[in-house]
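Undergrad: any chance you could fold what I've pasted below:
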Amino acid sequence: MNPKIVINILLGIGAYAIFVTVVLMYYKHNPEAMPWDDREVFNRKFIAGLSLDNPVSKNSVIEKLGSPDISEAKKSSSGNVYVLFYRTQHVKSDGKTTEDECTAMLFKGNQLVAWGENAYQQYKEQQISFSN
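TA: Purely as a prediction, here's the structure:
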C-alpha cells in the first residue's frame, strides 16, 4: 500500500479522534432541548443515581436536569422548603405535564433530602411559618 495513503488515513483518524474528544469534553448537554421521551429517560437515569449518602444541591439538580416541570416552595419552621417535579413517566398524551407523570424532589434549604412518592407528602406536611 502506498505510504502517502496510509499517512492520510492515520491523519484522518487522528483528526476525527481529536474532534470527538473535544466535543465530548466541552459540549454541554441541554435536557430542555430533548424530545419529551428522551428527557424522561435522562431524568430517570439521573434520579436513579442519587444517594442520600452523597448529598446534592438544588442548584446542581437544576443545572443537570434543567428547569423543573412543576415546582412549589414555602417557608417552614425548619427553613425554606422546595419541591421540584421532573417528568419521568408518560401517563396521558394531553399536552400537559402533571404530578403523576413526575418524580418529586424535596429540598430543605438548598439540600436534597428526599425524592419519589413520599417526597411531596413530606413537603405538604411541613408547617408553614410566617416570619417577617
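
Undergrad: alpha carbons only for contacts and neighbour counts from here, please
TA: OK.

Undergrad: what pLDDT does the residue nearest the centre of the chain get?
TA: Nearest residue to the geometric centre of the chain (C-alpha atoms, centre = their mean): residue 65, 2.3 Å. Note on residue 65: pLDDT of 93.

Undergrad: do residue 72 as well
TA: For residue 72, the predicted pLDDT is 93.

Undergrad: show me what it bridges to in the sheet.
TA: Legend: beta-bridge partners of residue 72 under DSSP bridges are residue 83.

Undergrad: residues in contact with it?
TA: If a contact means C-alpha atoms under 8 Å, 6 or more residues apart in numbering, then residue 72 has 82, 83, 84 as its contacts.

Undergrad: returning to that earlier point: which ones are touching the residue nearest to the centre of the chain?
TA: Counting by C-alpha under 8 Å, 6+ apart, residue 65 touches 30, 31, 32, 43.

Undergrad: shouldn't the third one be within a helix?
TA: This points to residue 32. Yes - Residue 32: assigned to a helix according to DSSP: H, G, I helix; E, B strand; the rest coil.

Undergrad: right, and it touches residue 64 too?
TA: No - the criterion here is C-alpha atoms under 8 Å, and residue 32 misses it with residue 64 at 10.1 Å.

Undergrad: settle it for me: which of the two has more neighbours?
TA: More crowded of residue 32 and residue 64, by other C-alpha atoms under 10 Å: residue 64, with 16 against 12.

Undergrad: what secondary structure does that one sit in?
TA: helix.

Undergrad: one more: residue 75?
TA: strand.

Undergrad: correct me, but it touches residue 81?
TA: Yes - contact criterion C-alpha under 8 Å: residue 75 and residue 81 qualify, at 6.0 Å.

Undergrad: looking at the two, which has the bigger crowd around it?
TA: residue 81 (22 against 17).

Undergrad: output the helix or strand in which that one is found as PDB, restricted to C-alpha atoms.
TA: Using DSSP states H and E, residue 81 maps to strand 79-87. Taking C-alpha atoms only, strand 79-87 is exported to PDB below (Å, rounded to 0.1, in the frame of the first residue of the first chain):
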ATOM      1  CA  GLY A  79     -36.400  27.000  56.900                       C
ATOM      2  CA  ASN A  80     -37.200  27.200  53.200                       C
ATOM      3  CA  VAL A  81     -38.600  24.000  51.600                       C
ATOM      4  CA  TYR A  82     -38.800  23.400  47.900                       C
ATOM      5  CA  VAL A  83     -40.300  20.600  45.900                       C
ATOM      6  CA  LEU A  84     -39.300  20.200  42.200                       C
ATOM      7  CA  PHE A  85     -41.100  17.800  39.900                       C
ATOM      8  CA  TYR A  86     -39.300  16.300  36.900                       C
ATOM      9  CA  ARG A  87     -41.200  14.300  34.300                       C
END
